[in-house]
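**Student:** pasting the sequence and the predicted coordinates here, then a few questions.
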Amino acid sequence: MAGRHQGTAALPDAQYRRPASLDSTGLVATLWSEDGTNAGVFDFTPLPGSLQLRQQFAAAFDRKIGPSGQWRSWDTCYGGYLSVRLLLRGLAVLEQPPAWIGQITPAVWVSWRMSLPPSAGTRHHLIALRSLLLQAPALAPETREVIDRRIEPAPPPTEIAYTYQEYLRIRSAAATVFNSAVIRIRDNREHLRRWRAGEFTAASNDWLIGEALDCVARTGEVPLLEHVSGCRRPSRRHTAVLGGLAPEKTWGRLFLSRSEVFAAAILLVASESWNKSVLHRMQVPQAHAPALADDVDVYTVQLDKPRRPVRLRHTSSNLLDNGPGSPGRLLHRVVEATEPAREALAVLGQPTDRLLVYRTACPSRRGQEFGFGISKSVKVGTVESVSLRRLRRTVQVLIRKEPSQNTQQVHDTVYMLRDPASQHDAGETIARGLTDAAEHAHLVGAMRLVLGNDAQALVELSDDPALAAAIARGDLDTATAACTDFTHSPHNDPGLPCTASFLLCLACPNAVATRRHLPRLVHLHDGLNELHAVLDTAMWDRHWQQHFARISVLLETHTTAAERSEVRARITDSDRTTIDRLLRRTLDA
């Protein structure tokens, strides 16, 4: 069976040839995704500069987005394209603009760089251009050396998590907006189904609404009238029964708006702590996955993080739909609300498998009626603006408090240590940890172990030499050690004889173990080890784990492995019988 990240990839047909990413003019670069689809086109034709210079930059750009390049996502490629555009615009205003890359001298580069403002955006542009230009063979060596100089590191991020109250308010507002949209789309889809089934009387209001919905489902718009002037307006008889021209009265009956998709994104980030970029490109999860039980469905979501190494880039996440409020139920509702948009795009000859699809608010922009993924932050209900990155930070720092699609190191250093919310809780966490450690130390270290070879070593235990002598003779022995005070046990009321299990002697300050008791204690440790191998985890944790931890710490602290091995040779039949009865609980009061 192949291990993780070792599965064999599906190869294309032998006749397959990857489409050319640079056109015949050398100015238009196409980003081809791994599944062979066109992920974006970057045109260097309208950029300033000579033809040769633009072609050289387009060729360098093509190497970055090609099969062996590091720019894999559209966002990264578009950012690199903007960086090239910024540089070419800066070069074009020079008195003697360079005609090809070899004429970009160190002085030209430094002069242009110094003209940029000291901002995070400038740093991103410089990093992208350094990555792109260092692979250009025509670049002069001295210019290459200047471009490759160290770029000042970015200052630590100042973004902090939302407060818990802000988080609840954002999530509540998003749920209100999205749930209302889901109900609206569900009701109208049912109305459309009934219209197509012929359940309404012709020309009735319900029939006209159904006819309008059918047009929306096929074209993305309500029925329109063509005028001589070329202006297209909605049909009056349909808008009258629909209730107006507002989006929620027309195309919004079947499609989510930009703000409603953003509300869905908020809920998904709050639930699963996904990155905005991952959610932006997310595809529809596998439908009707095998169920674990009659009332539980599993949705497998494919996660793509292009900046990771190739073997770690693609992962998946399984979300269970086991009732209202579950992650799988939320994902099911998102798929349900966006399905009409995907169906309309398929009819229009523009099929897509993107999860987040919405209808734009400008019906007149033909060919751009639908948008994909997550747009810039928009108002959602009563909340003016929400940062999904800040929301993800909130989920990791305040809600989950564990890594999500990142390593433990990144979670600790980037999220937890830099955020005031986690710093505020650090004092309480440290204090609780110290308290737990002290209690644990008291718990496992309560029994005293004295390994002296004679009775004189026991005098330290008491001011009463007679008591020390009794311990040495074995007069006070229990199944595991010697008891110095039978009537004042911490496990019973004062003055009453101790009735606790002899296993609790390991946690009793009245218990004293000497070298005579070592064979019995080692045999007890071995017996508990054997029990651990055959008992289920729940029973072990409930009945035996604490005793095993106590005796393990006791022996590892005061003896060596060689000493314990030597002691095993001195275990007597009496020791075995006593410990076996103890483990069978036949010695319990």
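**Tutor:** Received the coordinates, thanks.

**Student:** so for the helix or strand containing I185, what gets flagged as buried?
**Tutor:** I185 is part of helix 164-196 when elements are defined by DSSP states H and E. Across helix 164-196, burial judged by 16 or more other CB atoms under 10 Å covers 167, 170-171, 173-175, 177-178, 181-182, 184-185, 188-189, 191-192, 195. Just so you know, the C-beta spots here come from the backbone N, C-alpha and C atoms, and that holds for glycine as well.

**Student:** can you read off the pLDDT for Y16?
**Tutor:** On the pLDDT scale, Y16 is placed at 61.

**Student:** quick check: mean pLDDT of stretch 241-257?
**Tutor:** 87.

**Student:** show residues contacting it.
**Tutor:** When contacts are defined by CB atoms under 8 Å, 6 or more residues apart in numbering, stretch 241-257 is touched by residues 181, 184-185, 188-189, 192, 205, 208-209, 212-213, 216-217, 220-222, 234, 239, 264, 337-338, 340-341, 344, 357-359, 361, 363, 370.

**Student:** and the strands in this structure?
**Tutor:** Under the criterion DSSP state E, strands of the chain are mapped to 28-32, 38-43, 224-226, 232-234, 297-304, 314-321, 357-359, 370-372, 448-449, 482-483, 511-513.

**Student:** which of the ones you listed has the lowest average pLDDT?
**Tutor:** When I compare the strands of the chain, strand 224-226 is least confident, with a mean of 64.

**Student:** hang on, the earlier thing: of the contacts of stretch 241-257, grab the buried ones for PyMOL.
**Tutor:** Buried residues within the contacts of stretch 241-257, as defined by 16+ other CB under 10 Å, are selected in PyMOL through the command that follows:
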select buried, resi 181+184+185+188+189+192+208+209+212+213+216+217+220+221+222+234+239+264+337+338+340+341+344+357+358+359+363+370
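
**Student:** OK, contacts around the nearest residue to L535 once chain neighbours are set aside?
**Tutor:** Spatially, and ignoring its direct neighbours in sequence, L535 is nearest to W544 (7.1 Å; CB to CB, 6 or more residues apart in numbering). For W544, the contact set (CB under 8 Å, 6+ apart) comprises L528, L531, H532, L535.

**Student:** and the helix holding I185, what does it pack against?
**Tutor:** helix 205-219, helix 258-272, helix 327-347, helix 388-394 (3 or more CB pairs under 8 Å, 6 or more residues apart in numbering; DSSP states H and E).

**Student:** as a markdown table, those helices with distance to I374 would be great.
**Tutor:** A markdown table is the format used below for the helices and strands packed on helix 164-196 (distance: least, CB to CB, whole Å):
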| stretch | distance to I374 |
| --- | --- |
| helix 205-219 | 24 |
| helix 258-272 | 5 |
| helix 327-347 | 12 |
| helix 388-394 | 7 |
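
**Student:** deepest of the ones you listed, which one?
**Tutor:** Stretch with highest mean neighbour count among these: helix 258-272 (a mean of 24; mean count of other CB atoms under 10 Å).

**Student:** for it, name the packing helices and strands.
**Tutor:** Checking 3+ CB pairs under 8 Å, 6+ apart, helix 258-272 ends up next to helix 164-196, helix 276-280, helix 327-347, strand 357-359, helix 388-394.

**Student:** before we move on, the earlier item: quick check: the residue nearest to L535 vs R568, distance?
**Tutor:** Computed as CB to CB, to the nearest Å, the W544 to R568 distance reads 21 Å.

**Student:** low-confidence stretches in the stretch 401-550 of the chain?
**Tutor:** 401-447, 449-464 (pLDDT under 70).

**Student:** run the last query once more with 50
**Tutor:** Flagging of the stretch 401-550 of the chain using pLDDT under 50 yields the residue ranges 443, 454-459, 462.

**Student:** tell me who's in contact with T394.
**Tutor:** By CB under 8 Å, 6+ apart, the neighbours of T394 are A161, Y162, E166, Y167, A421.

**Student:** I meant to write C505 there.
**Tutor:** Each residue near C505 by CB under 8 Å, 6+ apart is listed here: M447, T478, A479, T480, A481, C483, A511.

**Student:** now those in a markdown table, with neighbour count?
**Tutor:** As requested, these are exported to a markdown table (neighbours: other CB atoms under 10 Å):
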| residue | neighbour count |
| --- | --- |
| M447 | 22 |
| T478 | 20 |
| A479 | 17 |
| T480 | 25 |
| A481 | 26 |
| C483 | 19 |
| A511 | 24 |
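
**Student:** which residue, other than its chain neighbours, is closest to H124?
**Tutor:** Here the residue nearest H124, using CB to CB, 6+ apart, is G79, at 6.7 Å.

**Student:** near that neighbour, how many other residues are there?
**Tutor:** Other residues within reach of G79, judged by other CB atoms under 10 Å, total 16.

**Student:** for P98, which residues are in contact?
**Tutor:** By CB under 8 Å, 6+ apart, the neighbours of P98 are L53, L91, I104, V108.

**Student:** just the pLDDT for it.
**Tutor:** pLDDT at P98 comes out at 92.

**Student:** for it, phi and psi?
**Tutor:** Torsion angles at P98 (phi, psi; degrees, to the nearest 10) stand at phi -70, psi 140.

**Student:** could you shift the numbering so residue one becomes 269, and keep it that way?
**Tutor:** Sure, I'll start numbering at 269, so the last one becomes P366.

**Student:** gap between it and R381?
**Tutor:** 15 Å.

**Student:** wait, what's in contact with S539?
**Tutor:** P595, L598.

**Student:** look up phi and psi at G742.
**Tutor:** Reported as degrees, to the nearest 10, the phi and psi values for G742 are phi 90, psi 10.

**Student:** how about it, nearest residue that isn't a chain neighbour?
**Tutor:** Using CB to CB, 6+ apart, the nearest residue to G742 is R784, at 6.8 Å.

**Student:** quick check: the one you found touching L744?
**Tutor:** No. R784 lies out of contact with L744 (CB atoms under 8 Å); the separation is 11.7 Å.

**Student:** contacting residues around V296?
**Tutor:** V296 neighbours (CB under 8 Å, 6+ apart): L290, V309, F310, D311, F312, T313, A326.

**Student:** report the buried members of these.
**Tutor:** L290, F310, F312, A326.

**Student:** and the nearest residue to the last one once chain neighbours are set aside, what pLDDT?
**Tutor:** What sits nearest to A326 in space, not counting adjacent residues and going by CB to CB, 6+ apart, is F312, at 4.4 Å. Confidence per residue is given as pLDDT, and for F312 that number is 93.

**Student:** hmm, L290 and F312 touching each other?
**Tutor:** No. With contact defined as CB under 8 Å, F312 does not count as touching L290 (9.9 Å).

**Student:** okay, and the common contacts of those two?
**Tutor:** Residues touching both F312 and L290 (CB under 8 Å, 6+ apart) are V296, A297, A326.
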